[in-house]
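Visitor: Structure of the sequence below:
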Amino acid sequence: MSKNSGIRTRPASISDKEFIISLLPRLLEFGPPSWRDVAQMTAVDTQVLSDSLLSKSPGTAIFIAEDAGGVALGFIHLQTGTDYYMREYGARREDFGKLCVAQRDNALSYPHALFRKPLTLDEYLNARLIAEPLRLFDCVMPCAGAEAFLVMSDARARDLGLSAVSILSTCERHNSFPDDPIQMRGGWALDRDELFSRAGVTHADIDFLQTYDDYPVISLLQMEDLGFCGKGEGPQFVRDHTFTLDGSFPHNTSGGQLSGGQAGAAGGFLGMTDAVRQLTGTALGASVAGARVGVVSGFGMINYDRGLCCGAAILAREA
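Guide: Okay, the predicted model is just below:
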């Protein structure tokens with residue numbers, strides 16, 4: 001930032017709500033279109049916005065950063081999506097914990113995982129508070145690392161004697177549902193039917209799912225929007241499956257980023273590289289028995305309140 005830049009925090013003399021109101025002119029400049037009409041916002045979005053932005057724990061802050069080039073509005077409000085999802089769809093912390101515990105179980109045999117010590121649900125529930133309702137094991141661990149894979153024709157792979165997988169279909173979408181006041185769905189919901197029809201497979205054919213998992217709630221959104229369960233049915237879907245390599249609906253087979261670590265932008269390829277390994281019989285850890293078809297899902301370009309891009313690929317073991 002320039003020397004004129006600064007962080008504006010709530011003065012002690014005003015309440016959280018008064019501070020939020022003082023930020024609305026800036027918010028309306030940068031928020032989704034439905035927020036740019038003050039009258040509409042007052043009628044429709046104020047309650048949702050207040051619920052989302054009011055500080056609820058010491059780990060939460062609201063800020064505006066200003067410099068000579070303009071204003072960048074951001075919210076350090078990590079719990080917004082999780083808190084809203086829990087209130088809207090009845091998810092419990094135990095549901096998110098089950099995903100985290102299962103991913104840790106999957107990571108135990110993966111040699112590159114950062115966390116290779118078993119995690120119990122009790123340890124998850126009683127871990128250090130970060131920002132209500134998020135605790136320590138809801139948060140991804142940054143690390144150094146890299147992921148890579150080769151893309152080539154079938155003929156080239158055969159000539160080189162390489163084990164390979166086939167790309168059955170892919171999808172990618174940016175800035176989906178920009179008018180949603182809080183992001184509870186992504187572009188997968190718009191593209192999933194074509195994704196599966198072009199691949200020539202159904203959800204019942206999928207042997208494992210790799211999701212982008214900077215927080216467990218993001219994995220639930222992907223499971224719902226990819227069509228493995230309906231919107232809001234994620235909590236029950238979690239309760240119905242184990243998500244472990246040797247159980248029902250194997251998920252994030254190397255432990256995902258929550259147990260494997262997030263190597264910057266490379267973290268987005270963690271699921272892809274392990275999917276290729278699972279489908280070519282070269283897994284570094286335990287394998288999903290008989291896996292023939294897998295789905296890899298991605299999410300990113302996080303701005304102040306949502307992820308702007310999402311994508312997915314369906315991969316298959318070569319016949």
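Visitor: What strand or helix carries residue 94?
Guide: Here residue 94 sits within helix 93-107, counting by DSSP states H and E.
Visitor: domain parsing for the protein?
Guide: Split into domains by automatic domain parsing, the chain comes to 6-76, 81-317.
Visitor: give me the number of residues near residue 248?
Guide: Applying other Cβ atoms under 10 Å, we find 10 residues neighbouring residue 248. (Each C-beta comes from the backbone N, C-alpha and C, glycine too.)
Visitor: can you pull out the helices in the stretch 101-250 of the chain?
Guide: Using DSSP state H, counting those that start in this stretch, the helices of the stretch 101-250 of the chain run over 121-125, 154-160, 188-199, 216-225, 234-240.
Visitor: Switch those over to a markdown table; also include distance to residue 294.
Guide: Putting the helices of the stretch 101-250 of the chain into a markdown table (distance: least, Cβ to Cβ, whole Å) gives the following:
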| stretch | distance to residue 294 |
| --- | --- |
| helix 121-125 | 26 |
| helix 154-160 | 18 |
| helix 188-199 | 11 |
| helix 216-225 | 14 |
| helix 234-240 | 18 |
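Visitor: just so I know, which of these lies nearest residue 143?
Guide: Closest approach to residue 143 among these is made by helix 216-225 (18.4 Å; Cβ to Cβ).
Visitor: Lowest average pLDDT across the domains of the chain?
Guide: Of all those, the minimum mean pLDDT falls on domain 6-76 (a mean of 45).
Visitor: hang on, the earlier thing: most packed of the domains of the chain?
Guide: When the domains of the chain are scored by mean count of other Cβ atoms under 10 Å, the highest mean neighbour count falls to domain 81-317 (a mean of 19).
Visitor: got the CA coordinates for stretch 115-132 in CSV?
Guide: C-alpha atoms of stretch 115-132 as CSV (Å, rounded to 0.1, in the frame of the first residue of the first chain):
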residue,chain,number,x,y,z
PHE,A,115,-0.6,-34.4,9.9
ARG,A,116,-0.2,-38.1,10.4
LYS,A,117,-1.4,-38.5,13.9
PRO,A,118,-5.0,-39.8,14.4
LEU,A,119,-7.6,-37.1,15.1
THR,A,120,-10.6,-38.0,17.3
LEU,A,121,-14.0,-36.2,17.2
ASP,A,122,-13.5,-35.1,20.8
GLU,A,123,-10.2,-33.5,19.9
TYR,A,124,-11.8,-31.7,17.0
LEU,A,125,-14.7,-30.4,19.0
ASN,A,126,-12.5,-29.2,21.9
ALA,A,127,-9.7,-27.7,19.8
ARG,A,128,-8.7,-24.0,20.2
LEU,A,129,-11.3,-21.5,19.1
ILE,A,130,-10.3,-19.5,16.0
ALA,A,131,-13.5,-17.6,15.2
GLU,A,132,-16.9,-19.1,16.3
